[in-house]
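A.B. asks: model the structure of this input:
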Amino acid sequence: MTDTNEPQDNPAETPVEAPAATPAPADTPAKAPLVWRKALPKWSLWVSLAVLAWFAFAVFGPKIGIIGWQTGLIFMIRDAGLLLIGVSALFALIALLFAFFKTPRGPWWKAAIALAIPVILFLGLLTMRAQAESVPPIHDVATDLRNPPTFSAQTMAVRAEAEANPINDYGTPLGQLPMWANSQDEALKAKNHADIIAEEYEDLQPIIVGGASDEEAMDAIVAAMGEIGLQNVRRVEGTSNVEGVAETFAFGFKDDVVARLEDGQIDLRSVSRVGVSDLGYNASRLEDLREAIIERLEN
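C.D. replies: Purely as a prediction, here's the structure:
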């Protein structure tokens, strides 16, 4: 007989012990930190440095022959340059604002440098534009406006091979020359090279040799051309001319320079191989050359 009062094992009634809850670490943040905000200044600096490298390649790529000057000046700087400057400046400004007014703050000085780079580049472009607007848009300057010095056959062959600008007649109005035919400046088109040079560069006059001999004058010309940095300086055989080549620091633009000794005076001429406007470099170069020649003739 079974004793009904004897306790029975009932699995359904066996208490199940609940697992202990794992306490959350006391140092676990309630919200993950916004790390990207702190990294914004660094990223903006890298973007601005990339834009700076873009401009450096545009300026010096043509000089070392990696790209053409049209690619560097027209596409990389004029067309794409302003867009890149604007994007990098906006990114740097946002990074700078986050670094000051949001947490966690990033290294604000990186954002400041990132903003300074496009600002400086933009000011450089404004300076170049202002310089271009302050000088006449020509690339051929001489001291003798009626009979400017001519270049040797060797120099003309080099210019032809380089597909350089044509050597224009100083008496022809600019409006009749292909390079200026589409200009909107009717007053400019009515003037010729002689008119413009006389108006804009009135101090650019021939050099009177004085008591120096022709040989001394020729030596002074050669030495002066070397002093101002001209390359390939040489006397033209069978003439009283000296020629040299100037190369600009930026873009590596080449200009041909000639000095002519005749009737007791020295006349100078400098002509760019490419570009409509020389930004005043040819006139400035002749002024430096003129002063260097005079200094040697006087000593």
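
A.B. asks: compute the number of surrounding residues for Leu82.
C.D. replies: 14 (other Cβ atoms under 10 Å). For every residue, glycine as well, the C-beta is placed using N, CA and C.

A.B. asks: now the residue positioned nearest the centre of the chain: how far from Phe253?
C.D. replies: The chain has Val59 as the residue nearest its centroid, 4.6 Å off, counting by Cα atoms, centre = their mean. Distance, Val59 to Phe253, using Cβ to Cβ, to the nearest Å: 11 Å.

A.B. asks: again, but for Ala162
C.D. replies: In terms of Cβ to Cβ, Ala162 sits 11 Å off from Phe253.

A.B. asks: and stretch 81-97, what's buried?
C.D. replies: 81, 84-85, 88-89, 91-92, 95-96 (16 or more other Cβ atoms under 10 Å).

A.B. asks: and it, average pLDDT?
C.D. replies: Mean pLDDT, computed over stretch 81-97, is 95.

A.B. asks: residues making contact with it?
C.D. replies: 40-41, 43-45, 47-48, 50-51, 54-55, 58, 106, 108, 110-112, 114-115, 117-119, 121-122, 125 (Cβ atoms under 8 Å, 6 or more residues apart in numbering).

A.B. asks: that older thread, so which of the buried residues of stretch 81-97 comes closest to Tyr201?
C.D. replies: Among those, Gly81 lies closest to Tyr201 (Cβ to Cβ), at 30.4 Å.

A.B. asks: next, give phi and psi for that closest one.
C.D. replies: phi -60, psi -50 (degrees, to the nearest 10).

A.B. asks: would you map the strands across this structure?
C.D. replies: Here the chain has its strands, by DSSP state E, at 140-142, 207-208, 231-235, 241-247, 254-262, 265-272.

A.B. asks: shaky segments in the stretch 101-250 of the chain?
C.D. replies: 102-106 (pLDDT under 70).

A.B. asks: could you list every residue that touches Val276?
C.D. replies: Neighbouring residues of Val276 by Cβ under 8 Å, 6+ apart: 137-139, 179-180.

A.B. asks: as TSV, these with neighbour count would be great.
C.D. replies: Output for those, formatted as TSV (neighbours: other Cβ atoms under 10 Å):
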residue	neighbour count
Pro137	18
Ile138	25
His139	23
Met179	15
Trp180	18
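
A.B. asks: any of the contacts of stretch 81-97 buried? List them.
C.D. replies: For those, buried by 16+ other Cβ under 10 Å: 40-41, 43-45, 47-48, 51, 54-55, 58, 106, 110-112, 114-115, 117-118, 121.

A.B. asks: the closest residue to Gly175 other than its chain neighbours and Ala132, how far apart?
C.D. replies: Leaving aside its sequence neighbours, Gly175 sits nearest to Lys189 (Cβ to Cβ, 6 or more residues apart in numbering; 3.0 Å). Note on Lys189: its distance to Ala132, by Cβ to Cβ, is 18 Å.

A.B. asks: who has more neighbours, the two?
C.D. replies: A count of neighbours by other Cβ under 10 Å puts Lys189 above the other of Lys189 and Ala132, at 17 against 14.

A.B. asks: between Ala162 and Phe253, which contacts overlap?
C.D. replies: Counting by Cβ under 8 Å, 6+ apart, the common neighbours of Ala162 and Phe253 are Arg273.

A.B. asks: with neighbour numbers in mind, choose between those two.
C.D. replies: Phe253 (21 against 11).

A.B. asks: would you mark the buried spots in stretch 268-277?
C.D. replies: Those would be 268-275, for stretch 268-277 by 16+ other Cβ under 10 Å.

A.B. asks: what does stretch 255-271 give?
C.D. replies: Applying 16+ other Cβ under 10 Å to stretch 255-271 flags 255-262, 265-271 as buried.

A.B. asks: ok, stretch 128-146 next?
C.D. replies: Result for stretch 128-146 [16+ other Cβ under 10 Å]: buried residues 135-145.

A.B. asks: now those residues as CSV including distance to Asn168?
C.D. replies: Shown next, in CSV, are those (distance: Cβ to Cβ, whole Å):
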residue, distance to Asn168
Val135, 17
Pro136, 13
Pro137, 13
Ile138, 9
His139, 9
Asp140, 6
Val141, 12
Ala142, 11
Thr143, 17
Asp144, 15
Leu145, 13
